[in-house]
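Asks: this one's structure only:
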Ligand code: HEC
Ligand code: HEC
Ligand code: HEC
């Protein structure tokens, strides 16, 4: 049976991030995990299927959204009762479908699992429960294979793209982000020596309820949490 690496990712990342964060700041576990109705990490739907995006009980503010599944895809995947059309550019193992959303509640059924999220006008004005958090994601320009900007990607003989692991930050993030600017933007962040190789320790690009796509609340990472904004926005 194929195993889904998200189990590893999720447990490993959460454990690791959590201990790093706690270790750096000496904060209690309760604070680090506070007020998060969804986690900035892939969701294990079943033994062989992970949901990367979107997340349940969240508020989205974009009307076109990628549904991304990894592993085995259940036969029935429904968005508001209609079958999701998978993008044929992708090889088996990664399933990407664009969801076109109208304002209001959205229902997703992935095999046995069924959940909701909501498209709102903005973070505050939406039809979901008040405590739902906004679902943030990295800006992703559309294109036949938008994933290859950050992931290893191999074109198979049949022309389909096999999406692999995340590339190193030097090959992914720093294609677009400017080193000097990144330095300044992290001047109030508690950093380890090799932090520039580990953007994903603190950020989750696909789904985060926290500002700057952070895995935990921004304050947990800062030297001085009273400083409102990262410099040089
Ligand atoms: C802007 C960069 C970026 C883009 C574009 C991007 N990803 Fe990711 N992706 C990431 C990062 C960062 C992670 C977190 C990896 C980790 O935690 O180690 C991730 C994780 C994942 C994971 C779960 C981890 C794994 O490999 O098992 C999957 C699946 C995934 N991405 C699929 C996609 C697909 C499909 C696309 C295109 C539709 C895409 N990604 C586009 C940055 C990106
Ligand atoms: C294809 C170009 C591109 C790549 C590759 C890319 N980014 Fe970005 N990123 C952008 C743009 C454009 C923005 C939005 C403008 C800005 O905030 O600078 C952005 C914004 C961000 C933000 C701020 C988001 C927010 O809500 O404030 C973070 C964090 C981030 N990127 C991290 C990463 C990481 C980590 C990687 C590597 C895994 C990465 N980016 C790869 C172009 C890119
Ligand atoms: C130790 C945790 C940590 C690591 C590692 C890390 N970041 Fe960040 N990042 C943060 C925090 C915290 C903020 C918000 C800083 C603030 O508000 O002062 C941030 C903010 C950002 C922003 C948004 C800045 C803005 O003002 O819009 C970008 C872009 C970004 N990080 C990219 C990256 C990239 C690329 C890497 C890897 C090279 C990386 N980060 C590694 C914690 C981290």
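Replies: Good, I have the coordinates. Note that the structure is predicted; figures quoted are calculated from it, not measured. Residues are numbered from 1 along each chain as shown. Ligands and ions are numbered 1, 2, ... in the order given.

Asks: all contacts plus neighbour counts: C-alpha atoms, from now on.
Replies: Noted.

Asks: OK, contacts around residue 134?
Replies: By Cα atoms under 8 Å, 6 or more residues apart in numbering, the residues touching residue 134 are 58-61, 123, 208-209.

Asks: Restricted to strands, list these.
Replies: Within the contacts of residue 134, residues falling in strands by DSSP state E are 58-60.

Asks: so where's the chain shaky on pLDDT?
Replies: Scanning the chain for pLDDT under 70 picks out the ranges 1-36, 142, 144, 230-233.

Asks: What segments of it are strands?
Replies: Counting by DSSP E, the strands of the chain are 43-46, 49-53, 58-60, 64-71, 77-79, 82-83, 94-100, 104-110, 113-119, 133-134, 151-155, 161-166.

Asks: May I see those strands arranged in a markdown table, with distance to residue 187 as well?
Replies: A markdown table is the format used below for the strands of the chain (distance: least, Cα to Cα, whole Å):
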| stretch | distance to residue 187 |
| --- | --- |
| strand 43-46 | 32 |
| strand 49-53 | 30 |
| strand 58-60 | 30 |
| strand 64-71 | 33 |
| strand 77-79 | 42 |
| strand 82-83 | 47 |
| strand 94-100 | 36 |
| strand 104-110 | 39 |
| strand 113-119 | 35 |
| strand 133-134 | 26 |
| strand 151-155 | 27 |
| strand 161-166 | 25 |
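
Asks: So which of the contacts of residue 134 is the closest to ligand 1?
Replies: residue 208 (11.4 Å; Cα to the nearest ligand atom).
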